[in-house]
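Visitor: Here's my sequence, what's the structure:
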Amino acid sequence: MAELDGKINGLIGCGVSIQGKLSFDGVLRIDGVFEGEIDATGTLVVGEEGVLKSTIKVDTAIISGEVRGIVEAIRKVELHARAKMYGEIRTPVIVVYTGALFVGECLMANQSDLASQPNIVTRSNEELTQLPVKQKR
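Guide: Have a look, this model is predicted:
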């Protein structure tokens with residue numbers, strides 16, 4: 001796992017379900033369920049039990065659980081072995097570990113690159129969270 005610059009200073013634990021808008025500095029770990037919008041300057045850690053249906057804007061995202069939606073990270077996104085990502089990732093650096101599942105689109109660019117390309121078309125979070133998931137047979 002990536003080295004965390006600081007200790008985890010926020011936790012949404014297993015058995016907790018939250019809807020709404022979330023912002024934070026530092027490091028937040030989610031092991032519960034979150035639906036909504038995350039706009040933060042810190043690092044988001046989604047534990048193996050974490051489930052998010054969100055639009056996420058953070059510095060760094062470290063994902064081991066399930067995320068549906070859009071993840072935009074200024075530095076990087078890591079998808080660990082048990083990660084399930086359905087949607088879109090926008091980041092300059094992505095690390096995908098063996099065993100991770102990624103169904104969607106990835107745009108690898110810096111913020112300045114995105115601003116200079118006004119014709120880039122991406123899907124909305126609503127479109128991405130409605131993508132069908134193929135069941136295992």
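
Visitor: how about the helices in this structure?
Guide: Assigned by DSSP state H, the helices in the chain fall at 111-115, 125-129.

Visitor: By mean pLDDT, show me the worst of the ones you listed.
Guide: Least confidently modelled of those is helix 125-129, at a mean of 58 by mean pLDDT.

Visitor: so G36 touches I12, yeah?
Guide: No - using CB atoms under 8 Å, G36 is not in contact with I12, being 11.6 Å away. (C-beta placed from N, C-alpha, C; glycine too.)

Visitor: hey, what's the most centrally placed residue in the chain bridged with?
Guide: For the chain, the residue nearest the mean C-alpha position is V71 (4.2 Å; CA atoms, centre = their mean). Beta-bridge pairing of V71, defined through DSSP bridges, involves I56, I89.

Visitor: ok, now which ones touch it?
Guide: I56, V58, A61, I63, V77, M85, G87, E88, I89, R90, T91 (CB atoms under 8 Å, 6 or more residues apart in numbering).

Visitor: Format those as a markdown table; extra columns: neighbour count, distance to F24 and pLDDT.
Guide: Output for the contacts of V71, formatted as a markdown table (neighbours: other CB atoms under 10 Å; distance: CB to CB, whole Å; pLDDT from 0 to 100):
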| residue | neighbour count | distance to F24 | pLDDT |
| --- | --- | --- | --- |
| I56 | 27 | 12 | 98 |
| V58 | 23 | 9 | 98 |
| A61 | 28 | 13 | 98 |
| I63 | 27 | 16 | 99 |
| V77 | 28 | 17 | 98 |
| M85 | 26 | 21 | 99 |
| G87 | 24 | 21 | 98 |
| E88 | 20 | 22 | 98 |
| I89 | 23 | 20 | 98 |
| R90 | 22 | 20 | 97 |
| T91 | 22 | 19 | 97 |
